[in-house]
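Colleague: my questions concern the predicted model and sequence given below.
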Amino acid sequence: MQRPTIDDVARAAGVTKATVSHAYSGKRPISATTKARVFAAAKRLDWVPSSRARALAARRANAVGVVLSRDPAILASDAFFPAFISGVESALAGHEIALLLQVVTGRTAEERAYRAMASGRADGVIVLDLHLEDWRVDYLRQLRLPAVLLGAYDAESPFSSVRTDDAAPVRDLVAHLRGQGHTRIAHVSGPLDYVHSDARARAYVQSLGSRELLREGDFTAGSGRALTAELLDLPDRPTAILYANDTMAIAGYSYARSRGLLVPDDLAVAGFDDDHLSAHLSPALTSVSTDPFRRGRVAAERLLADLAGEPPESVTVDCNQLRLRASTAGPAPEAHHSELEEEFS
């Protein structure tokens, strides 16, 4: 008995050979009904396309790319990226799709990396560290490379995105600190041309009505320490500092203690991203858990859906959770001193 062919499947499903090929490759948009008809016909006929034939027909790399344009030293110390990559891998593994990760420095190297991926190394990419006006969006569109943008990108884009609310936790933190009597609250941000850094900084400024104690860092421990020193040298220093990641927060926390300040009695400290060490500091560091594993998984699933022919979609992931710990507990120094004065008067 002759083995069934793609022609037999096409006839049985009432479609063309190209439609059968696209149904399996995901290279072109195909309706769910048509796909179901093709798969049912293939199952009836016991027809399975060879992996070689599928690869040739679809010209698929069976790989998803992530290009990171950051200093390797930052990547090595930031807990977000390993967890995010693990989430991406968890979604890809079941589809036998590889993750192609490339770390570059500078725009020229980043352009080369995306061109190589568009030339057959990857079927699509996940874009991190979005800028307010991001050249990569138009560049990837020109390359016709499918992409998912990680972040609340509000400019025009033909791509899917996975968004989170970075502003709400900052507002909650400021409200918590104000409730304890803090009025001099500083914020050490990440680079303000990043979408997520801008969202957090704007929420901070809107909550306090002032940019006086806003300082722009770069996510490194060095910038956290240096900017903490600058803030603590002010004649009217802050009594609380919110940092854009835990790496900067831990560096600032350590520096403040080296100057004889007690956390939180003299200075309240909070971070962002909830590094696995943060809960084990003494006192434990208040932070915001961003669940990078879940965000990576959702981003990869969205990209796989796009590659299968679904229209681009903006997905909002509710994953930011404020973790209040001892580093922001207790009244502000001014409030504490007032209570003592009343007690002894």
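Modeller: Great, that's in hand.

Colleague: so what pLDDT did I30 get?
Modeller: At I30, the pLDDT value in this model is 74.

Colleague: correct me, but D218 touches G190?
Modeller: Yes. If you go by Cβ atoms under 8 Å, D218 and G190 touch, sitting 6.9 Å apart. Any C-beta I mention is one placed from the backbone N, CA and C, and that applies to glycine too.

Colleague: neighbour-wise, which of the two wins?
Modeller: G190 (23 against 18; other Cβ atoms under 10 Å).

Colleague: give me every residue that touches D218.
Modeller: I74, G190, P191 (Cβ atoms under 8 Å, 6 or more residues apart in numbering).

Colleague: go through those and name the one nearest H280.
Modeller: Closest approach between those and H280, by Cβ to Cβ: I74, at 22.0 Å.

Colleague: do I have it right that the closest one meets F219?
Modeller: Yes. Taking contacts as Cβ under 8 Å, I74 lies within contact range of F219: 5.5 Å.

Colleague: so where does V174 fall, helix or strand?
Modeller: Taking DSSP states H and E as the definition, V174 sits inside helix 167-179.

Colleague: so which of I74 and F219 has more stuff around it?
Modeller: F219 (27 against 16).

Colleague: got phi/psi on that one?
Modeller: Per-residue torsions, F219: phi 80, psi 0 (degrees, to the nearest 10).

Colleague: how about low-confidence regions in the stretch 1-150 of the chain?
Modeller: 1, 25-29, 50-59 (pLDDT under 70).

Colleague: now do the helices in it.
Modeller: Under the criterion DSSP state H, counting those that start in this stretch, the stretch 1-150 of the chain carries helices at the ranges 6-13, 17-25, 32-45, 51-58, 72-77, 80-92, 107-116, 135-143.

Colleague: and the longest one, which residues are buried?
Modeller: Which is helix 32-45. Within helix 32-45, the residues that count as buried by 16 or more other Cβ atoms under 10 Å are T34, K35, R37, V38, A41, A42, L45.

Colleague: ok, and what's touching that helix?
Modeller: Outside helix 32-45, the residues within contact range by Cβ under 8 Å, 6+ apart are 4, 8-9, 12-15, 19-20, 23-24, 30, 47-48.

Colleague: now it, how far from the chain's geometric center?
Modeller: Centroid separation for helix 32-45 versus its chain: 37 Å, with Cα atoms, centre = their mean, to the nearest Å.

Colleague: all set now, cheers.
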